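Show me how the following folds:
(4 chains)
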There are 4 protein chains.
Amino acid sequence: MQSGRFTIEKLGEAKFSSPIERLEGQTFVNDHERLLYSPHLIPVTETIKSGKEPEGFEIAGPRANIFFNPPKTKAAIVTCGGLCPGINAVIRGIVMQLWYRYNCRNVVGIKYGYGGLAADADPFMTLEPDSVTSIHTAGGTILGSSRGAPTTKEIVDSLSKHKIDILFTIGGDGTMRGASAIWQEIKKRNLKISIVSIPKTIDNDIPYVRRTVGFETAVMEASKAIHSAHIEATGVPYGIGLVKLMGRHAGYIAANATLANGHANFCLIPEVPFKLDGKNGLFELLEERLSLRRHAVIVAAEGAGQYFFNGKKGSADASGNQALQDIGIFLKEKITEYFAKKNLPVVTKYIDPSYIIRSQPANSNDQLYCARLAQNAVHAAMAGKTGLLVGYWHGEMTHVPTSVLENKNQNINPAGELWFNVLELTGQPQEIG
Amino acid sequence: MQSGRFTIEKLGEAKFSSPIERLEGQTFVNDHERLLYSPHLIPVTETIKSGKEPEGFEIAGPRANIFFNPPKTKAAIVTCGGLCPGINAVIRGIVMQLWYRYNCRNVVGIKYGYGGLAADADPFMTLEPDSVTSIHTAGGTILGSSRGAPTTKEIVDSLSKHKIDILFTIGGDGTMRGASAIWQEIKKRNLKISIVSIPKTIDNDIPYVRRTVGFETAVMEASKAIHSAHIEATGVPYGIGLVKLMGRHAGYIAANATLANGHANFCLIPEVPFKLDGKNGLFELLEERLSLRRHAVIVAAEGAGQYFFNGKKGSADASGNQALQDIGIFLKEKITEYFAKKNLPVVTKYIDPSYIIRSQPANSNDQLYCARLAQNAVHAAMAGKTGLLVGYWHGEMTHVPTSVLENKNQNINPAGELWFNVLELTGQPQEIG
Amino acid sequence: MQSGRFTIEKLGEAKFSSPIERLEGQTFVNDHERLLYSPHLIPVTETIKSGKEPEGFEIAGPRANIFFNPPKTKAAIVTCGGLCPGINAVIRGIVMQLWYRYNCRNVVGIKYGYGGLAADADPFMTLEPDSVTSIHTAGGTILGSSRGAPTTKEIVDSLSKHKIDILFTIGGDGTMRGASAIWQEIKKRNLKISIVSIPKTIDNDIPYVRRTVGFETAVMEASKAIHSAHIEATGVPYGIGLVKLMGRHAGYIAANATLANGHANFCLIPEVPFKLDGKNGLFELLEERLSLRRHAVIVAAEGAGQYFFNGKKGSADASGNQALQDIGIFLKEKITEYFAKKNLPVVTKYIDPSYIIRSQPANSNDQLYCARLAQNAVHAAMAGKTGLLVGYWHGEMTHVPTSVLENKNQNINPAGELWFNVLELTGQPQEIG
Amino acid sequence: MQSGRFTIEKLGEAKFSSPIERLEGQTFVNDHERLLYSPHLIPVTETIKSGKEPEGFEIAGPRANIFFNPPKTKAAIVTCGGLCPGINAVIRGIVMQLWYRYNCRNVVGIKYGYGGLAADADPFMTLEPDSVTSIHTAGGTILGSSRGAPTTKEIVDSLSKHKIDILFTIGGDGTMRGASAIWQEIKKRNLKISIVSIPKTIDNDIPYVRRTVGFETAVMEASKAIHSAHIEATGVPYGIGLVKLMGRHAGYIAANATLANGHANFCLIPEVPFKLDGKNGLFELLEERLSLRRHAVIVAAEGAGQYFFNGKKGSADASGNQALQDIGIFLKEKITEYFAKKNLPVVTKYIDPSYIIRSQPANSNDQLYCARLAQNAVHAAMAGKTGLLVGYWHGEMTHVPTSVLENKNQNINPAGELWFNVLELTGQPQEIG
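Numbers count the residues shown, from 1 in each chain, chains lettered A, B, ... in the order given. Here you go, the predicted structure:
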């Protein structure tokens, strides 16, 4: 077994035969196979010729032998952090997969995030096919979510007490850090509890995972909000449509929605700093645009321009996320000030569609994706794998150790094609100010 | 001819035969007929038996004789005030009706509201069937809108200078006041210019008009925002979804969207005052609701509770609308304060979908309605009627003199069925606080 | 009390006080008041002056006194005929109104139409607020529907046996005929069972009712199908988009969707015959259109042109509806034949969206309408009124005796404004062929 | 340079510097690099260790040097075959890319498919940013499409005559065969015309391309049709909802929509034969399902079960596609027959949503994908590459020689995960009959 940074830990020997049927010609997934991190011929060839093994991910899917005895296994699901489209689809997928493919029917839902694993928490919800069959058509999460958590010890105490064998955590950064810590504590206690995570963050900023739960739906809805901003901007002389979108550290929603919609003139993201004043600053460029066309649309990711608030940092929230200052309201005010001085009667229409976007149900493509994540999370857990999240790479499902995520973020590469396409489409310069 | 308050003024004798064809069995509308203000038997009978004539509206539709000679007539369209769904559908309808039913092909669009009639304004847009044929599928207004206006004299000067025979104004309160003043000035100058208005206000608060342009679409979209609030509220423990909807003086959107969606627990409108603190105040009721169900949804019309801002009145905008203080942000802050003191960890998700709602295209039922308004506005203008708006009453199209709108608003009757239904559905008491 | 054709029958004296609260200033509805059939001043005045009473409808709404003692009353709901948007919203509305406004909590749902009242039928469903609270967001009917019915005697036996006091029937023509017959049988047996109907037919063809359950949603969806036909027609040279819409005897959906969408060149409805061949026949007009623009869109109501199938009548279905021959497929074939002879390579794209339209949930405006129908149906039934349906006239809710519907249909008036508007929009001549 | 089956041909030496700017840190794509056909570690390592080079695709993207001199280059776009969502987005993307990234402004659109390159065809359309800026929000193709084509010689004559340097063909199987033949003829004549194709087939059946234009939107819309079938099926006793979806040789839409929607009980695709009668035949299984639940939903790809029509083959259409017999209508009739014999009163609701699906505009994710295809098609063509289509593999854009597509189809693997997931979800057996 490969022992690189992408090595997946296991609870022990997988001694049960998998109940998963195989069609004629279909095989189980081989634990030794890897999905190449880079699928490009030249670097791979060079690495191999130099006698090393190219990095790659363990491939997700059903194994011939499994660790847990399904009818005697108890699984739990917890959803943490902010809402996004598709959480219910993942819950449904896990329950269905456990019941129908593994015959594991002891499945509970933990209410309101990790908080539901506190000593004094609400009782768990029983999850069965009948109770989850239609939940994917609704937004949100039937389990409730929350930020913040009891101590890791308290959580592991609770898992032990309730004899939970597998914990599926559906969440983002904070949740993954939590899952990693929980797994370390479990290992210390020498318990046989598998912790398997599903990457859910609307910002799509989890490394080694190309696409998170509900991201495409979020882009679809965000794109509609930009369209509204465009209509409002063109509806008055010197109209400015300003849209704040999700994206604390990564501007993926802003960039993708800008590309999908096509009407924005400026796209501001956390990865690319910009100036307001001075030559080629945002305000000068905006003024030029307005004098040329009399309307403009600005898209700003919530994490953009946070350096404008130096010394005004908000406090951290219960998940440890630093509260951001509101770049949308800030820009709205500064733009008003600037053009008041210039005596140009601009009218700024500010749209903050965050909760409307987050609360949508997944579109059909995200439904399919959530179902695949769920199926593979169950395969991994039943095989006794742990401390991992289910990833997506080159169109295939993978296993990623949660430990490699520590202190890492996936961001837009300002020298990459995505950002280049945004610059081309908006016409904004590489450097603003 | 009846000379009551609903009498419609005319520019002069209608001496041209209408080019409008009539199908076999179809007649023109009779100027003497009235649509009864009240269609109820007992009051009508009593009035007639007492020798008086019951009040009623002139009925809209094509007349056998018309005042303007269509091929020599020049018509202009102006759109004023905030956006709402359906404005483009009205513009399209007027152009199509003028061209194809009256053979009047000299139609211009005035850019950016009454401001486009200032002495130094932009040139007009030429409006033809080819250029408007698909505009109804887009939100907003192709003409642009604005608040504020030049002086009435300047406007009439401009109408004279450009030899405009008919001005169609599409707007709300302020626009109607403007239209009324313009018509008075025209009369003073003894000009033969017809001013015909179409009631467009997303708040649906124009008296003698049951339904304004785009109102149903606005309710449809508002209802979706309440749904998002519900999903967010149920997604965390003690989640509160708070939605601010349009409605400066009238809570129609809030009330109707509350009824259509079904998830709100409190609906706050300008017509019904409420208290925050004390016995049965909003906060106490909210606390009860949260302790019972752990989530709550509040819908507030923007004009609700303005008395909380005593002495903090905003300045009037360019249309003379008094700027309102923001009840949504106010409630959000006060709720946070209240529960902080109570040590209840509520999470308030605040949604302000206004611009998203306003910028939608009209749904099919509003398309049909906008088309009817447009057709009848053209009939009225060609017949030389003036100083009127096209109304909707008992399911029929009517003429309403703009003069009767002065200092009047249509509001929700707190003792009527609509509000009663809201109380029943939300479960909120008749009196909050 | 008026005893004209619109007189509503009652089961007996209303001796219980209504539990419905009235807000300050709000009164109960007066049984003597009428909503004028015609709200036009001149005919009403003439009738009154001649000493007669103008015709009018009893007005729906809560009465001060009611016939049934709510806590001891058992109500049943049945849904019959084809699906349409909004049925679940009506069911929900009736249950909520009975429980929360009248405290009547014994409510059952009859499965699969009148068939659920056969002697050997399935047991009833218990209907409670919790089980119906979200059903309005789904299309179809949770009770199931069907065509056909047991004998009237069998139905009344079943109502008696199950001690049902009130039967709400939600359906169209056939259902109303059934409801009328059931009420006659009940009267003969001197039973005290109220039969109250809600007009549900997607064709909107019930007389004295301006709008049926789900009609606006149906038009909205139908309009989308016409748009698809337009896209397909313009996608190939000589493309013809052909859409068949619901409308057995009345072309309301076809006409309204044609107006709302704006792309159709021909609209064919049952009320207006047309010819295929010869001078000015459909084919010649179509050929002209194609040579001019290379594409065309035809909308046909399913009941249009049934005379082409002389001697080929289909058999009646279980509700007694004569099966229609398929005008859509017929036209498609005939068009292909015609242009094959002419050597013009037309490509006909045929769309039959019926089931897609019927199965949608109600849009928000229909949700509101369904709720009003439900509330007023309950008011009528609790007051002991019977043999009626809840109507909609001049924007108000009314009572209409089911007996007046016999052998009547509401149709599009070929000399009326609706049809005239269709002719204007499509450009098709008044007479085709 | 690799000379395997995936080698891309070039018109000649690329001697112009690319006008494409590179951001700091951004490089051009290297012609020698390959995207590995299989990204799996073990086979790749074995191949390399055995001294061979693993197969891979040339990677799409901008090259440092280009073949054509942009300001002197004339490009043409043609769209062929059936409609699908996203065609206009591709057209728009190509025009924008040519103008703004390459400064190539001589771009024409060919009307109605290859037919627009016939000697006597309509004049070309001029394509400019202003005329294409909003076309992506509409379904269909602004160029029109068609099946069939003039001879290859005639097409190349026309390309020569009009001095076209680059031809972008947007189409499926037939179009690719055509493009390949055109390129062979061009080579024979030693012309310097580049032929670059974009894979557009709603069936998603092009080999070496994971996803075709508009496929995700098609699945989204197809999933809605299945939902309608489910509502209709549950609306009557023994209701059967039957949906026919696109998929001549490959059941991707049927399989994916079945998974995304979740309500179908049977999914029938061309790749997996099934029997109607006998033990475990479709009818027996359907009968079991109906007796258990009283309703059922069947999804059939149009190419499923074509062997039932032996000897009844339809004629080929103008593109050489064999006309299929209608499996939807066939199943509807056979089901009716079968249950008539069994005296079970089933009601089959048949939905054929094909044209409604095909005519939708692309959803936001498909918009993004179409834009990427367009950009990379332009990069390839400007670099003088030819006889290729732009592919999508492991999430990256590639070049695929059109020659390798000959006589190949991409199909669902009946032993693969996709089909396995469908079996699991529907509960249908691996073998029907």
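
Can you name the residues of the stretch 201-350 of chain A sitting close to chain B?
If contact is defined as C-beta under 8 Å from any C-beta of the partner chain, the residues of the stretch 201-350 of chain A in contact with chain B are A:224-225, A:227-229, A:231-232, A:234-237, A:241, A:349-350. Backbone N, C-alpha and C define where each C-beta goes, glycine included.

Please repeat the previous calculation with a cut-off of 10 Å.
Of all the residues in the stretch 201-350 of chain A, those in contact range of chain B (C-beta under 10 Å from any C-beta of the partner chain) are A:224-225, A:227-239, A:241-243, A:294-295, A:318, A:345, A:347, A:349-350.

Just the buried ones among those, please.
Neighbour counting over these (16 or more other C-beta atoms under 10 Å in any protein chain shown) leaves A:224-225, A:227-239, A:241-243, A:294-295, A:347, A:349-350 as the buried ones.

about what we covered before: narrow the residues of the stretch 201-350 of chain A next to chain B to those in strands?
The subset of those located in strands under the criterion DSSP state E comprises A:239, A:241-243, A:295, A:347, A:349-350.

so which of these comes closest to residue D:114?
residue A:295 (41.1 Å; C-beta to C-beta).

ok, now which ones touch the closest one?
A:229-241, A:263, A:265, A:289, A:346-347, B:144 (C-beta atoms under 10 Å, 6 or more residues apart in numbering or on different chains).

which among the ones in strands among the residues of the stretch 201-350 of chain A next to chain B gets closest to residue B:151?
Using C-beta to C-beta as the measure, the one of these that approaches residue B:151 most closely is residue A:347, at 21.8 Å.

That closest one and chain D, how far apart?
Spatial separation of residue A:347 from chain D under the definition C-beta to the nearest C-beta, to the nearest Å is 23 Å.

now residue A:223
Computed with C-beta to the nearest C-beta, the distance linking residue A:223 and chain D is 5 Å.

Now do the phi/psi pair for the residue nearest to residue A:308 when sequence neighbours are not counted.
Distances taken as C-beta to C-beta, 6 or more residues apart in numbering or on different chains put residue A:330 closest to residue A:308, at 6.4 Å, once the chain neighbours are dropped. Dihedral pair for residue A:330: phi -60, psi -50, per degrees, to the nearest 10.

What number of residues are in the vicinity of residue A:330?
For residue A:330, the neighbour count with other C-beta atoms under 10 Å in any protein chain shown is 17.

which residues does it contact?
Residues near residue A:330 by C-beta under 10 Å, 6+ apart: A:244, A:276, A:300, A:305-306, A:308-309.

Spit out the contact partners of the residue nearest the centre of chain A.
The geometric centre of chain A, computed from its C-alpha atoms, lies nearest to residue A:201 (C-alpha atoms, centre = their mean), at 2.4 Å. The contact partners of residue A:201, taken as C-beta under 10 Å, 6+ apart, are A:81-82, A:84, A:171-176, A:209, A:212-215, A:246, A:248, A:250, A:252, A:410.

Of the residues you listed, which belong to helices?
Applying DSSP state H to these, the entries found in helices are A:173-176, A:215, A:252.

between these, which is closest to residue C:77?
Closest approach to residue C:77 among those (C-beta to C-beta): residue A:215, at 43.3 Å.

Now do the SS call for the residue lying farthest from the centre of chain A.
Distance from the centre of chain A peaks at residue A:343, with 43.5 Å (C-alpha atoms, centre = their mean). Three states are possible here, and by DSSP: H, G, I helix; E, B strand; the rest coil the one that applies to residue A:343 is coil.

same deal with residue A:399?
Here residue A:399 is strand, with the state taken from three-state DSSP.

roughly how far apart are the residue nearest to the centre of chain A and residue A:171?
Noted for residue A:201: a distance of 8 Å to residue A:171, by C-beta to C-beta, to the nearest Å.

swap in residue A:424?
The span separating residue A:424 from residue A:171 equals 35 Å under the rule C-beta to C-beta.

Look at these two and report which has more neighbours.
The residue with more neighbours, out of residue A:424 and residue A:171 and counting by other C-beta under 10 Å, is residue A:171; that gives 28 against 17.

OK, contacts around that one?
Taking C-beta under 10 Å, 6+ apart, we find residue A:171 in contact with A:78-82, A:87, A:113-114, A:145, A:147, A:177-179, A:197-201, A:213, A:319, A:389.

taking the residues you listed one by one, which sit in helices?
Using DSSP H to define helices, the subset of the contacts of residue A:171 located there is A:87, A:177-179.

can you tell me which two in those residues are farthest apart?
A:87 and A:177 (18.9 Å).

These two: which is more packed in?
More neighbours sit around residue A:87 than around the other of residue A:87 and residue A:177, counting by other C-beta under 10 Å; the figures are 32 against 18.

State the pLDDT value of residue A:320.
At residue A:320, the model reports a pLDDT of 58.

How about residue A:325?
Per-residue confidence at residue A:325 stands at 86 (pLDDT).

just the one 3 residues further on next, same as before
Per-residue confidence at residue A:328 stands at 96 (pLDDT).
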